[in-house]
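*Asks:* okay, here's the prediction I keep looking at, along with the sequence it came from:
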Amino acid sequence: MKPETINKLKISANAAKYDVSCASSGSNRPNSGKGLGNASPWGICHSFTEDGRCISLLKLMLTNYCIYDCAYCVNRKSNDIQRTTFSVKEVVELTIEFYRRNYIEGLFLSSGVIKNPDYTMERMVSVAKDLRLKQNYNGYIHLKSIPGSSDELQQQAGLYADRLSVNIEIASESNLKMIAPDKSFASILNPMNTIKNKIIENKEERRKFRHAPRFSPAGQSTQLIVGATPDSDQRILNLAGNLYNSKNLKRVYYSGYVPVNNYDKRLPALNEPPLKRENRLYQADWLFRFYHFSINEIVNDDHPDLDLEIDPKLSYALRNPWLFPVDINKANYETILRVPGIGVLSAKKIILGRRYSKLNLSNLKKIGVVLKRAKYFITCNELKAPTINELLPENVKKILLSENKPLKQFKKSFYKQLSLFPVN
Amino acid sequence: MNLFIYDQTFEGLLTAIHDAIDLNIKPDKIISIKYFQDDLFATKYDIITDSDKFDKIWNQVKEKSNEQNCQRIFKTFLSELSEIEMIIYNYIKLIIDTPYNVEVNFSEDSVIKINNIQKKVGREAQRVLMFVRFQKTVDDIYYASFDPKYNVIPLTVAHFRNRFADQKWVIFDTRRKFGYYYDLKNVREITIGNQKVNFESGKVDNDVLHVSEKLFQKLWKGYYDTINIKERKNIKVHMQFLPKRFWKYLPEKDFKNTFVMN
Ligand code: SF4
């Protein structure tokens, strides 16, 4: 490795940094005997950048040359930027050396498209193959499949990678065509389908033969760019919901569009990325995946976009006041989960704790319920405070907004997103 | 006032708890010999650590409770906070005296305290996994110093042994002056730090660093600086996740690693 590599590394990292997925979780590849590394089922963050994001994986682009011209991307061919290409050997060496020093959990590799999708994908696969077979490396590998690359290559990629992803980026096909003319939904959904089917097949196989090689054991994910096109939150969340269900995705990432190509008039003129909206989408995603909400309850024709002022769970409660107050000592788990200020963990503790004695306010506080929010939506053993029905939804909203501590809430949702620590 | 004096080991503490239950004496304080100051008015019990007594209590706790709960107790002990002895005594007594599982009975003081302390300890252990940085030396040993708030390095050894099975490594706790050395076969406890390591900064002296070490530190710093998205700057969250006390170990936070090129 030569000192000049620093330049390549910087160009490549600069090109790769807008891909937000960073999770290294979901795999538990053991260290096979005396090799290097293992993938722990919960990811580990090894550092944090000044933008507050976790660094878990070495995020690189094999090359940032690209024959395509996607309007939202820094690496589009019409941009006049520094370009570089790594050799397979260089990426392998960087990964191993960083890994051995405990800087990273593994590698996240993507690439601009050179020559054609298959040629590009083949080079990415050879990095993963080299790491696994020559270096005896068992750490995490995430490969970003190239839209339009062949089934055969997805098959090979899945043998060496822990996770595969194909980014759909834009929530509607017509908008995708407009700003990324070289891509189509088919070129993205086809590899996604292949990967999904292989994962299912592989699970079957491993049930029969315990030692059958794993295929993409941490599943597949995708990314949606938010705010580069006029697509509503309703459309974005419905697409996400569909992908979770029909493609068995592990994660959908939402990435607030960072205005890198302001000269392109097909894109909205933004001063800064829509971070608040991105955050609300993650919260909605959580409601859908862990809080037993349906997408339609979160966004619908009457309410197509998430409220930026308040989180989607509170917004749902304010729109449906007749469902409250909830009796903490009687209501079932699903109902308790819907109370603003009560998370999955505290809902579970409530169910367990109320077996021994009726719960009162101080019990709830110890359990971790955020009473400042929850008190308008519950009754418990002693509570006689006015609820949403006496105060009316618009007043509850005003009160909560006035005492809002934005940082604390932001932190909380961030912790969740990053799944920093094993959930216990 | 009943004062139990033990040798500051986990075995010693459980022996003390065993004796207290056995003698049917409720201790008012269980204190390590290290912090003990003579008290004329107290009845003193000098505990002699006994592994059979330890086993007896520990097995009883395991039977009445579960492995996870044992881990909680052990983690609480590793916090080294003052007063943990009595918290652990109360908790173990509660487990033994109660017919049902006490783990989720949050109206009991000791249950809540144990839960909170073990959570803090677990988090600190997690931070060791996150922020340990190895420096490669000329003799191919990967060396790391750390000074965790609680005594958590023992909780992390298994992780590092599994992960870095094909490289020799040392992790040294500079606050408690002991560490672990893995020699490709076994992990051994060591008590003498390397003379070639700066005690304050944890940095290995230049003359024993592997020739490539500085380069990889600089590459890593270069990567770290570049991957940041300026438009998303959020220093508050940054500081929250990456507290300053860890910075001295991180090559990415060491401005000396900044590459200056034309
Ligand atoms: S294919 Fe599109 S998004 Fe991917 S690197 Fe090329 S221009 Fe960027």
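*Replies:* On my side now, so go ahead.
*Asks:* who's in contact with A:Gly139?
*Replies:* Neighbouring residues of A:Gly139 by CB atoms under 8 Å, 6 or more residues apart in numbering or on different chains: A:Arg29, A:Leu36, A:Gly37, A:Asn38, A:Ala39, A:Thr95, A:Tyr99, A:Ile104, A:Glu105, A:Gly106, A:Leu107. Where C-beta positions appear, they are placed from N, C-alpha and C, glycine not excepted.
*Asks:* now with 10 Å?
*Replies:* A:24, A:27, A:29, A:31, A:35-40, A:57-58, A:95-96, A:98-100, A:104-107, A:131-132, A:162, B:163 (CB atoms under 10 Å, 6 or more residues apart in numbering or on different chains).
*Asks:* quick one: pLDDT of it?
*Replies:* What the model reports as pLDDT for A:Gly139 is 93.
*Asks:* leaving out chain neighbours, which residue sits closest to it?
*Replies:* Distances taken as CB to CB, 6 or more residues apart in numbering or on different chains place A:Gly37 nearest to A:Gly139, at 3.5 Å, with adjacent residues excluded.
*Asks:* what is the burial count for the one you found?
*Replies:* A:Gly37 is surrounded by 26 other residues when neighbours are defined as other CB atoms under 10 Å in any protein chain shown.
*Asks:* wouldn't it be in contact with A:Phe98 here?
*Replies:* No: with contacts counted by CB atoms under 10 Å, A:Gly37 stays clear of A:Phe98, the gap being 11.3 Å.
*Asks:* need the residues touching each of the two.
*Replies:* When contacts are counted by CB under 10 Å, 6+ apart, A:Gly37 and A:Phe98 are jointly contacted by A:Glu105, A:Gly106, A:Gly139.
*Asks:* nearest to the ligand, of these?
*Replies:* The shortest gap between the ligand and any of these belongs to A:Gly106, at 21.5 Å (CB to the nearest ligand atom).
*Asks:* per-residue pLDDT of that closest one, please?
*Replies:* On pLDDT, A:Gly106 comes in at 94.
*Asks:* next one: the one 10 residues further on
*Replies:* As summarised for this prediction, A:Asn116 has a pLDDT of 92.
*Asks:* my read: it touches A:Pro147, true?
*Replies:* No: contact criterion CB under 10 Å: A:Asn116 and A:Pro147 do not qualify, at 11.6 Å.
*Asks:* could you chop the chain up by domain?
*Replies:* The chain I'm using is chain A. Dividing chain A into domains by automatic domain parsing, as the record does, gives the ranges A:3-218, A:312-418.
*Asks:* oops, wrong one, chain B.
*Replies:* As recorded under automatic domain parsing, the domains making up chain B are B:2-124, B:132-210, B:211-262.
*Asks:* how about those, which one is nearest A:Asn167?
*Replies:* A:Asn167 lies closest, by CB to CB, to one member of the domains of chain B: domain B:211-262, at 17.2 Å.
*Asks:* for B:Ile190, give me phi and psi.
*Replies:* For B:Ile190, the backbone dihedrals are phi -130, psi 150 (criterion: degrees, to the nearest 10).
*Asks:* how close does it get to chain A?
*Replies:* To chain A, B:Ile190 is 19 Å away according to CB to the nearest CB, to the nearest Å.
*Asks:* gap between that residue and B:Asp139?
*Replies:* Relative to B:Asp139, B:Ile190 is positioned 15 Å away (criterion: CB to CB, to the nearest Å).
*Asks:* strands along the stretch 51-200 of chain B, start to end?
*Replies:* With DSSP state E, counting those that start in this stretch, the ranges of strands along the stretch 51-200 of chain B come out as B:135-136, B:141-146, B:168-173, B:178-182, B:187-190.
*Asks:* adjacent strands (with direction) for the shortest one?
*Replies:* Its sheet considered, strand B:135-136 pairs with strand B:141-146 (antiparallel) by DSSP bridges.
*Asks:* now A:Ile195: which helix or strand?
*Replies:* Assigned by DSSP states H and E, A:Ile195 belongs to helix A:185-208.
*Asks:* is it true that B:Val128 touches B:His159?
*Replies:* Yes: taking CB under 10 Å as the definition, B:Val128 is a contact partner of B:His159 at 8.8 Å.
*Asks:* neighbour count: the two, which is higher?
*Replies:* In this comparison of B:Val128 against B:His159, neighbours counted by other CB under 10 Å, the higher total goes to B:Val128 at 23 against 17.
*Asks:* without its sequence neighbours, what residue ends up closest to that one?
*Replies:* On the basis of CB to CB, 6+ apart, the spatially nearest residue to B:Val128 that is not a chain neighbour turns out to be B:Thr156, at 4.8 Å.
*Asks:* and A:Ile225, helix, strand or coil?
*Replies:* Classification of A:Ile225 by DSSP: H, G, I helix; E, B strand; the rest coil places it in strand.
*Asks:* list the beta-bridge partners for it.
*Replies:* Under the criterion used here (DSSP bridges), A:Ile225 is bridged to A:Ser255.
*Asks:* from what I can see it touches A:Tyr18, true?
*Replies:* Yes: if you go by CB under 10 Å, A:Ile225 and A:Tyr18 touch, sitting 8.8 Å apart.
*Asks:* tell me, what's touching these two both at once?
*Replies:* Here A:Ile225 and A:Tyr18 share the contacting residues A:Tyr72, A:Cys73, A:Ser255, A:Gly256, A:Tyr257, A:Val258, A:Pro273, scored by CB under 10 Å, 6+ apart.
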